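>>> I would like the atomic coordinates for the input below:
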Amino acid sequence: MNATASIVSKVWSFCTTLRDDGVGYGDYLEQLTYLIFLKMADEYSKPPYNRKVSIPAEYNWQSLKAKRGAELEVHYVTLLRELGNKPGMLGTIFTKAQNKIQDPAKLYRLIDMVNETEWVTMGADVKGDIYEGLLERNAEDTKSGAGQYFTPRALIRAMVECVRPEPSKTIADPACGTGGFFLAAYDFLVTAHPMDKSQKSFLKHETFYGNEIVAGTRRLALMNMFLHNIGEIDGESMVSPNDALVADSGKRFDYVLANPPFGKKSSMSFTNDEGEQEKDDLTYNRQDFWATTSNKQLNFVQHIRTMLKTTGRAAVVVPDNVLFEGGVGETVRKKLLETTDLHTILRLPTGIFYANGVKANVLFFDNHEASKDAWTKEVWFYDYRTNIHHTLKKKPLRFDDLAEFIACYNPLNRHQRKELWSEQSNPEGRWRRFSIEQIMERDKTSLDIFWLKDKSLADLDNLPEPDVLADEIIENLEAGLNSFRAIARAVQ
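Numbers count the residues shown, from 1 in each chain. Coordinates of the predicted model:
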């Protein structure tokens, strides 16, 4: 355990040193990714492994270790460029790689630090904890914008706990960020299921499939997975660089766990006649979609339904607009209620995401074969928003905060559920059932349903702490601004 504490301490202390030179967590994380990958490849190429790792000798770990000063800097830049042109996992890890450490002496010290550790023999949980810790700190660095790729781990774990994936089944995420859902699913499978050799092999090589269009984030996802013992150093990349929404890949999965990017519009940049950069809304014309729209969230909901096998199950984080928006939004909701069993909605509080102004929910739905009758018979809602106050720093979301929801969800047999809410005996109950008839009667088939009273409106003596109140005001203003921006774009 002392050795573990020592490497963690070294990794963090060196990060602090580099931050004094203006190297942020994200840049440090990228350089660590390149170097740990090269060091592990070097370890695998030696006994007892003796594997061919496809890294040319002139660009391997030994070549890097042998140089110093300006020669090291030049060689490192060349190495990053050359390895980025290789196929498979290797090329994906080094795609668009750049050296962000301008001081060759500090680069050499970082190489030396990585060299002192035997990474292959270190436990996957230790390597994973180091890397996840860096990812979390990077997400907290609001200037970097990395938070948009980071879903609270407590929420991910709760979603996985409800879905309870099984061995030898496939798991996909069409916007996988740094791979949080894959790792939580992996941990659940390893802990909950004793697996035989073929199941372990399937878990390592065939279970996971993701998309991530941002090269730097894709790199972090692959390394995060690899350090957790998913995939091979000389294997194919499990994360595609393709925009998942452009076309149906034809692949079908047992589970989809996802938090697609916030922001309603899909757009692409182009250069106009005057040579200036402009953005144009992207509309995906797909035969498998129920409706054509530039609303990215509604497109992801439609795409995720396409990705599922007829027995597939999904848990997806979506913003409030998916629950109430008219027009295409209503069409998508009705079709989702008809073609899948949309059985559960978890309403999330503000203050848990690194992106401001986000009001989100988790939709849980099971796919089915075509039927003339709607598959959804009832939707169960858990309101974990009203009178709930979280902040990222002082009161972050914990897994235990969602324990009551998981118990209500009843993952072992969700067909045996009991309402907590009762008009007479428990009007404060957070867990309530609505029949499909009640939902279809609502304006625009809205799923934006609340029933609890906001105590802060009724009881001025029971207001939250000032900092929580300030955060909530900011969240509400941000959410309002996002709505106004959407309206402004729509009328342009």
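>>> tell me the spacing between residue 420 and residue 412.
Separation of residue 420 from residue 412 (C-beta to C-beta, to the nearest Å): 18 Å. Where C-beta positions appear, they are placed from N, C-alpha and C, glycine not excepted.
>>> how about residue 376?
Taking C-beta to C-beta, one finds residue 376 at 21 Å from residue 412.
>>> same deal with residue 348?
Taking C-beta to C-beta, one finds residue 348 at 23 Å from residue 412.
>>> more neighbours: those two, which one.
Taking neighbours as other C-beta atoms under 10 Å, residue 348 and residue 412 compare with residue 348 leading, 25 against 7.
>>> let me know the pLDDT of residue 392.
With respect to pLDDT, residue 392 scores 82.
>>> what lies in contact with the biggest strand by length in the chain?
The strand that spans the most residues within the chain, counting by DSSP state E, is strand 308-319. Applying C-beta atoms under 8 Å, 6 or more residues apart in numbering, the contact partners of strand 308-319 are 151, 155, 159-160, 162-163, 252-260, 262, 264, 297, 300-301, 304-305, 340, 348, 358-369.
>>> buried stuff in that strand?
Using 16 or more other C-beta atoms under 10 Å as the test for burial, strand 308-319 gives 308, 312-319.
>>> and it, how far out from the chain middle?
Centroid displacement of strand 308-319 relative to its chain, using C-alpha atoms, centre = their mean, to the nearest Å, is 14 Å.
>>> partner strands of it and their direction?
If you go by DSSP bridges, strand 308-319 pairs up with strand 253-258 (parallel), strand 360-367 (antiparallel).
>>> okay, the longest one in CSV with CA atoms only?
This points to strand 360-367. Extracted in CSV, the C-alpha atoms of strand 360-367 (Å, rounded to 0.1, in the frame of the first residue of the first chain):
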residue,chain,number,x,y,z
ALA,A,360,-31.4,16.9,-16.3
ASN,A,361,-33.1,13.5,-15.9
VAL,A,362,-32.3,9.9,-16.5
LEU,A,363,-34.6,7.9,-18.8
PHE,A,364,-34.6,4.1,-18.3
PHE,A,365,-36.2,2.2,-21.2
ASP,A,366,-36.3,-1.3,-22.5
ASN,A,367,-36.6,-2.1,-26.2
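>>> adjacent strands (with direction) for the next helix or strand after it?
Under the assignment DSSP states H and E, the closest C-terminal helix or strand after strand 360-367 is strand 378-383. Strand pairing for strand 378-383, using DSSP bridges, gives strand 340-347 (parallel), strand 431-435 (antiparallel).
>>> quick check: bridge partners of the residue lying closest to residue 242 once chain neighbours are set aside?
Take residue 242 and drop its neighbours on the chain: the residue closest to it by C-beta to C-beta, 6 or more residues apart in numbering is residue 211, 6.0 Å away. Taking DSSP bridges as the rule, residue 211 bridges to residue 240.
>>> ok, residue 211 - how many residues close by?
Applying other C-beta under 10 Å, I find that residue 211 has 21 neighbouring residues.
>>> cool, residue 154 as well?
17.
>>> please begin residue numbering at 10 from this point
Shifting the count to begin at 10 puts that one at residue 163.
>>> report the separation between it and residue 39.
From residue 163 over to residue 39 (counting by C-beta to C-beta), the distance is 26 Å.
>>> can you pull the domain assignment for the protein?
As recorded under automatic domain parsing, the domains making up the chain are 11-142, 252-500.
>>> redo these as CSV? Include distance to residue 236.
Below are the domains of the chain laid out as CSV (distance: least, C-beta to C-beta, whole Å):
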stretch, distance to residue 236
domain 11-142, 4
domain 252-500, 20
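>>> do you know the pLDDT at the closest residue to residue 115 other than its chain neighbours?
Nearest residue to residue 115 in three dimensions, chain neighbours excluded: residue 27, at 6.4 Å (C-beta to C-beta, 6+ apart). If you check residue 27, the pLDDT there is 83.
>>> same question, residue 278
Value for residue 278, per-residue pLDDT: 40.
>>> got it, and the one 5 residues further on?
Looking at residue 283, its pLDDT reads 52.
>>> thinking again about what came up before, what subset of the contacts of strand 317-328 is buried?
Buried subset of these (neighbour count, 16+ other C-beta under 10 Å): 160, 164, 168-169, 171-172, 261-269, 271, 273, 306, 309-310, 313-314, 349, 357, 367-377.
>>> gap between residue 197 and residue 359?
For residue 197, the distance to residue 359 - C-beta to C-beta - is 27 Å.
>>> neighbour count: the two, which is higher?
Set residue 197 next to residue 359 and count neighbours by other C-beta under 10 Å: residue 359 wins out with 22 against 17.
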